[in-house]
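Novice: Could you work out the structure for the sequence below:
(chains A and B)
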There are 2 protein chains.
Amino acid sequence: MATPSPTASIAEERKNPGFPIREMTHFLDGGEQNTLLLEKIMMEFERDPTFKTIDTHEQDLATIRRRTMEKIAKMGYYLTAESVHAFKKRMNVLTLFDPASWTRIGVHLGLFLNSVQGQATPEQLSYWVQKGAVTLNGVIGCFAMTELGHGSNVAGLETTATYDEASQEFIIHTPTLTGKIFLILATKWWIGGAAQTCTHSAVYAQLYVKGKCYGVKTFVVQIRDTKTFDLMPGVVIGDCGPKMGRHGIDNGWIQFTHVRIPRSHMLMKHSKVLANGTVVEPPLAQLAFGALINGRVTMVTDSGNIAKKALTIAIRYAAIRRQFGAKPGQPETKLLDYVIHQHRLMPLLAQAFAMHFTGIEVSSMFESLMERMDRLRPGDKEINDVLNSLKELHGTSAGIKAFCTWNALNTIDQCRQALGGHGYSAYAGLASLYNDFAVQCTWEGDNTILTLQAGRYLIGCYRESLNGIKQHGGVAYLNSLSTLLTAKCPAKTSEEILDLDIIGTAYWVVAANVVKKAGEDFQACLKKGLKEEEAYEECSQARLFAAKIHSFGYLYHRFKDGVSKAPANLKPILVTLCQLYGLYNISELSGPFLQYEYFSPKQLDWVKAKVSELCRAVRKEAIPITDSFNFSDFVINSPLGRYDGNMYEAYFNTITAAYKPATKAPYFQTHVYPILNRVQTEEEPLELEDEE
Amino acid sequence: MATPSPTASIAEERKNPGFPIREMTHFLDGGEQNTLLLEKIMMEFERDPTFKTIDTHEQDLATIRRRTMEKIAKMGYYLTAESVHAFKKRMNVLTLFDPASWTRIGVHLGLFLNSVQGQATPEQLSYWVQKGAVTLNGVIGCFAMTELGHGSNVAGLETTATYDEASQEFIIHTPTLTGKIFLILATKWWIGGAAQTCTHSAVYAQLYVKGKCYGVKTFVVQIRDTKTFDLMPGVVIGDCGPKMGRHGIDNGWIQFTHVRIPRSHMLMKHSKVLANGTVVEPPLAQLAFGALINGRVTMVTDSGNIAKKALTIAIRYAAIRRQFGAKPGQPETKLLDYVIHQHRLMPLLAQAFAMHFTGIEVSSMFESLMERMDRLRPGDKEINDVLNSLKELHGTSAGIKAFCTWNALNTIDQCRQALGGHGYSAYAGLASLYNDFAVQCTWEGDNTILTLQAGRYLIGCYRESLNGIKQHGGVAYLNSLSTLLTAKCPAKTSEEILDLDIIGTAYWVVAANVVKKAGEDFQACLKKGLKEEEAYEECSQARLFAAKIHSFGYLYHRFKDGVSKAPANLKPILVTLCQLYGLYNISELSGPFLQYEYFSPKQLDWVKAKVSELCRAVRKEAIPITDSFNFSDFVINSPLGRYDGNMYEAYFNTITAAYKPATKAPYFQTHVYPILNRVQTEEEPLELEDEE
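Specialist: Below is the predicted model of the structure:
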């Protein structure tokens, strides 16, 4: 039997899908209307030469930067022309194939504008809207929080905003604390859009009034003339230069030297500085930065989507690529049919669904919380409730953001490796996906620091529950500590281990145990006489581990909830994926599941055996599943991940179009010829006659 | 107290090293003479403008390619001027700061020349040496093994070499099997040096004589004229284009259309084709590709070195960078003093030592084996012994190559993330280190396939040991199956768990169990009636897991052996590192250590507690340890990893030298101004009067 062609190889995978693909797409997109909208947007991008992607691998930094700006201009059109809902979807699509352009708009629309919306008074907001801040028309903003010397520790920022009562102005200044020797540490650093794009900046600086420091507040500072683009007096900006990825976004550094801004340019929804220098502190300081959680929430959804894209490429490749295993007269075996390849990719596919459903959950938590915060007025009875929800979202999103971005980064790398040598080609699309995505593990909260915050939140919840305070949402399992801590898996056969509730309890049991361990370690530190901060520091490793198990369990339970809401004809495959997600992580993290004796060693062997079976079951539907993600070839942007499977030809044609065959290196004569044709002359050595 | 300056921050780490740093350097380098040689080489590179690295982040692909060729010319000088020993060391240094140049020479000196040396008859070898193959003078070779459609499965290559008896020539041809539709799959692909550098190629092709296929043999084919660099008739070559990393190496593709070469250009040390078309098969076919194991062995050493480099950057940064934790009047806390940061980096530091000692071990195994193979003549009694050693080296190096390259890649990424946002800067040096290194997990044996080979080897050893055949070297523990399988950790206190023998036994016990599990799974498959290959396939996951535990144990034992040979004044710190390496992996892979009940849950808690203590102990010596690696600032090539600690200034100066501050984007007028200053004209709409 002749080897089927690549297109035939993938076509046979689509013959008898085990579920209705189009319905899955609608379900994942949140309804048919959304699917149609996404398809419209993908087509608009694909047909518009501004968004061309085929030549990105051969461009230099300067070209990429310019072309990114062209895209932003085009996005500006949509920003004014379409609904907020549609534009959000457009941004979700853009980030899939051009994350740098997404970032370059995002620093304005997300970070700058979120700061203004979340921290401005109504009059201030309307002022900046009128100036054009929403439509990038007259104002393009950046977000100047981080400094060369300070990233995660926002409270430690060094830039100062000193109120000058006489002129009613703030003086924004980058200090050079000679006592500290580091003259440049307070320089604003990594500011996206600062180097070549922005006119204004939301500057986070220490407020000083009458010699007293009131902590970090936000100020809108104009950094460039909008007509000439000359830097404003006292402002110096430079380019941070090449990065690992996201080359299209122009990160820059900013130094302020006694730059004066009107008092009204401090965002005063929360803290206020009155004309006479009286500082009015906000009743609810905790609410000031709530809107910035948005970034983390978005990254959970983004992690799911990027994972889906990487998996679409790797799984389509694996359905076509054949290697080894030929029996006489038979074609070689598809990668997808190898046990080991199924173990590499199928659990990641299941994980992408877990991130998908978790993204939906935390997005809706965020949106409802923002609505409640907007309605909130000082003195409202609801305040404590809102603060609790904010605390919960903060604690939950910290861990989820960290583990989802790590998961997605790992997925990309596993997919790249699963393409063998071709994964190393820029054209496969996975190298740039990795390099672009990697920063998500660091920005808007370094993942490790976020996991520690999540762990601290869990210790707090644990201690509350010991004191009889009822826990809600994702930590509600802590209300059942007494039964959970010593629970054993009731499964008596390997089949019973597939029960979604049994798997769900496994996560709660082990999470309860590791959270308890962290809480007890913390208590022990306090007993030894450590202060609270020291005690938290001392049990960092236990906090991180608690956050890890809790977060994986949280993802599992959101997946399980999502499955329960699915249409009946989609449920079987979703249940299989959910089982695989749950059991795979148990087998990978088997240590604590055995240590706390939820599973016996024998049951763990069942878990492992079931993982293999489930991988095989998911493999059967792998191509229909990736099809249901419904990414167009343009969004996939990899000849090796094409829908029609004609990958080798597309790959070869793309490369030979960019690099004409039989071309001699321009430096052949100067640099290759001389070494290749050098003559070793055997010179008569100059002999010295040594006199005695 | 004022914050100490960066240089003071690192200086205080060097005040009281717990071991003699210079002696550690000599020990790691294998003697003072080697240290002095390496220092001489580092200085020569640093002072030679050809090898300048400071501007690499701003260069385009064409420039990088040309500059790489300049470096190769300079390396050609050293190749002829210095001893083999010195040149090998020079290559080891080159790969640390310019892996692409290393590769571009390596494909000639390593792959091409190893093929010729390992597979040519003495007369053939002397012919190619006289042509200039050793000194890159008249011959620059590439290694044309992989094809677009075939990577790991060498036996499945499609390029043909058909013997034409009439002319006594081979016809090298890239077939286009229309039955298979894929017209381009047999194209030689990823051939390093083919696109712009090479004149000759070692082509791996299916030998056909009188219509019969004899499998893959090696042929030297001239691909370009050495004077004009024109392609030889029938040869077409193109550039594979941009990759994830190693931009300096010009990977290309080659198609052969009925290219004729003399019979003498088939390498005939093993298989021969006589003038009349008689094919003489080798008595020991297994020996033909033995020399190619060299690449894997080199990668183990390289993994250790690259990990040391990445860790030097991350640990120096962490000794200077301060964040959070300021007590009133006190400086912020160094990253290195955080428990979590110690957990992130110290185990990786210990792992770098494990890879170091393992690299020494497998290199010496390889060298002694090659010597024995060179001495071997058909009929020698030693043959079976040599074949056994080859099998052992093959099985061991497969797993070790895979896990060491994965370890190193992970180390680089962890180090990058440990630098926070600055890790994302190209100037930090870790992004390119990652992108350059990533291919090591794929080339010369895809890691996943190698782990499966290692697992198959382990199953074979296990079955031999059941049959009473004694096992040697790294698998000798299989001789003690009966006692190991049920052994329990004898430690009665947490102190006893630090015993290097107890830790060592832990790995043997768990490895014995997982190898047994894989072996039993395999047997069960055979009993079910599966053929051998099917049975191996079926238990792939068990093979991979066996290879993983075995390899981690192998690394631990090589580390332990290395420590036992160390001078007395270096032993204490090396023992601490070895304990950390052993216990850290046990705590991370705790599942099987609990499942096979070597450790009780309580003992596992001791393991975890000891890991924290050991991290703290290693942290104290972290800067002296990285200093002992003795990389010059030039080799480190990261302003954030400088020896003197003056990192912020160096970082700022490097960037501002490349990107002048206050520069307007060249596209401001054309692309920024129009969007920023667009006027929304409110046009009078054209009203239609609908007639009824």
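
Novice: Residues of the stretch 551-692 of chain A that sit close to chain B?
Specialist: With CB under 8 Å from any CB of the partner chain as the criterion, the stretch 551-692 of chain A meets chain B at residues A:587, A:589-597, A:601, A:604, A:608, A:612, A:648-649, A:651-652, A:655-656, A:658-668, A:671-678, A:680. In short, each C-beta sits where N, CA and C put it, glycine included.

Novice: which of those residues are buried?
Specialist: Neighbour-count burial (16 or more other CB atoms under 10 Å in any protein chain shown) applied to those gives A:587, A:589-597, A:604, A:608, A:612, A:648-649, A:651-652, A:655, A:658-659, A:661, A:665, A:667-668, A:671-672, A:675-676, A:678.

Novice: Report the secondary structure element holding residue A:260.
Specialist: Assigning secondary structure by DSSP states H and E places residue A:260 in strand A:259-262.

Novice: go on, residue A:558?
Specialist: helix A:540-564.

Novice: Can you name the residues in contact with the helix or strand just after that helix?
Specialist: Using DSSP H and E, the helix or strand that follows helix A:540-564 towards the C-terminus is helix A:571-588. Counting by CB atoms under 8 Å, 6 or more residues apart in numbering or on different chains, helix A:571-588 makes contact with A:18-19, A:24, A:346-347, A:349-351, A:353-354, A:497-498, A:500, A:503-504, A:506-507, A:552, A:555-556, A:559-560, A:562-563, A:566, A:593, A:599, A:604, A:607-608, A:610-611, A:614-615, A:617-618, A:621, A:625, B:591, all of which sit outside it.

Novice: Show me which positions of helix A:571-588 end up buried.
Specialist: Going by neighbour count (16+ other CB under 10 Å), the buried part of helix A:571-588 is A:573-587.

Novice: give me every residue that touches residue A:439.
Specialist: Neighbours of residue A:439 in contact, by CB under 8 Å, 6+ apart: A:243, A:244, A:245, A:246, B:421, B:424.

Novice: Run through chain A and note the low-pLDDT ranges.
Specialist: Along chain A, the parts satisfying pLDDT under 70 run over A:1, A:177-182, A:285-286, A:288, A:680-682, A:692.

Novice: can you list the domain ranges for it.
Specialist: Taking automatic domain parsing as the reference, chain A has its domains at A:53-282, A:456-632.

Novice: The contacts of residue A:439: which two are farthest apart?
Specialist: Comparing every pair within the contacts of residue A:439 by CB to CB identifies A:245 and B:421 as the most remote, at 13.2 Å.

Novice: elements contacting the strand holding residue A:260?
Specialist: Judged by 3 or more CB pairs under 8 Å, 6 or more residues apart in numbering or on different chains; DSSP states H and E, strand A:259-262 is in contact with strand A:169-173, strand A:212-222.

Novice: Parallel or antiparallel, list what pairs with that strand.
Specialist: Applying DSSP bridges, strand A:259-262 is found paired with strand A:169-173 (antiparallel).

Novice: Could you figure out how far the strand it pairs with is turned away from strand A:212-222?
Specialist: 90 degrees (axes from the mean of the first three to the mean of the last three CA atoms, to 10 degrees).

Novice: show me the residues around residue A:38 that make contact.
Specialist: Shown in contact with residue A:38 (CB under 8 Å, 6+ apart): A:29, A:89, A:93, A:630.

Novice: Right, I'll call it a day here.
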